[in-house]
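Colleague: I need the structure of the sequence given here:
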Amino acid sequence: MNPTPRIDLRPLLRRCLLLTGLVLMTPACGGDFDTFLERQRPPTELIELSASEPVVTRRLRVVAAVKPGTRTKVSWPYLSVKVSRTWANSEASGAEDIYPWLRVRLVNESEGDLRAEDVVAFGEQGWVRDAGLANSPGREDKADQFDVTYRVEFERQGPPSNGLIKLTWESYASVSSSGDRDEVEFTVTEL
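Modeller: Numbers count the residues shown, from 1 in each chain. I've put the predicted structure just below:
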């Protein structure tokens, strides 16, 4: 009778266990910024801009701070603003319409830097595409805290243009973290 050769699986098992352990430990090594925290402000406010009152400003403060006692860092603070807008002639006169332009700007208040700008001219239809502005590409710095105040400026053409521009806006903010979500305080506040 010929005995069946025995294969020693112990070296193969050791290699598989070692590889599995390395795969499981890789996420625990840290250094990756793979946790994203997000805040969205829905469009709750209707802003009306007339030729006599052509400018409205809103301010948003974005704060991301790690909780004390953690080794977490934050990076890539990001803010975007989406604006929907329409125009209607409010005057019933037979005078020729003078279609207004509208400019929306996103400004970093502390540095005075213009982060994004969108300008459109209205036409007979009275509506234009939505504007999307963002402070991208963001900052790659790793920090314990980011605290930035942005100004969102809405400005329309004054006289001789006529009519009323109505707009709504919403904001979306996010930040990247090297730790868990509960290790970071993240707020977006309208001032």
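
Colleague: can you give me the strands in the protein?
Modeller: 35-41, 46-50, 55-66, 74-88, 101-108, 113-121, 131-134, 145-156, 164-177, 184-190 (DSSP state E).

Colleague: C-alpha coordinates for the fourth one, CSV please?
Modeller: Extracted in CSV, the C-alpha atoms of strand 74-88 (Å, rounded to 0.1, in the frame of the first residue of the first chain):
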residue,chain,number,x,y,z
VAL,A,74,-8.3,68.5,9.5
SER,A,75,-7.6,69.4,5.9
TRP,A,76,-9.3,70.6,2.7
PRO,A,77,-11.9,73.0,4.0
TYR,A,78,-14.4,73.6,1.1
LEU,A,79,-17.4,75.8,0.6
SER,A,80,-19.6,76.1,-2.4
VAL,A,81,-22.7,78.3,-3.1
LYS,A,82,-25.5,77.5,-5.5
VAL,A,83,-27.7,80.5,-6.6
SER,A,84,-31.0,80.2,-8.5
ARG,A,85,-32.3,83.5,-10.0
THR,A,86,-35.0,85.0,-12.1
TRP,A,87,-35.9,88.5,-13.4
ALA,A,88,-39.2,90.1,-14.1
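
Colleague: Taking strand 55-66 as reference, get the angle to it.
Modeller: Relative orientation of strand 74-88 versus strand 55-66 (axes from the mean of the first three to the mean of the last three CA atoms, to 10 degrees): 160 degrees.

Colleague: so what does strand 74-88 touch, helix or strand wise?
Modeller: Here strand 74-88 touches strand 55-66, strand 101-108, strand 113-121, strand 131-134, strand 145-156, strand 164-177, going by 3 or more CB pairs under 8 Å, 6 or more residues apart in numbering; DSSP states H and E. C-beta: built from backbone N, CA, C; applies to glycine.

Colleague: Going by mean pLDDT, which of those strands comes out lowest?
Modeller: Among those, strand 131-134 carries the lowest mean pLDDT, a mean of 86.

Colleague: Identify all contacting residues around that one.
Modeller: Where contact means CB atoms under 8 Å, 6 or more residues apart in numbering, the residues beyond strand 131-134 that reach it are 78-83, 85, 104-106, 115-118, 120.

Colleague: in its sheet, what does that strand sit against?
Modeller: strand 74-88 (antiparallel) (DSSP bridges).

Colleague: The strand it pairs with vs strand 101-108, what angle?
Modeller: Using the same axes, to 10 degrees: strand 74-88 against strand 101-108 is 160 degrees.
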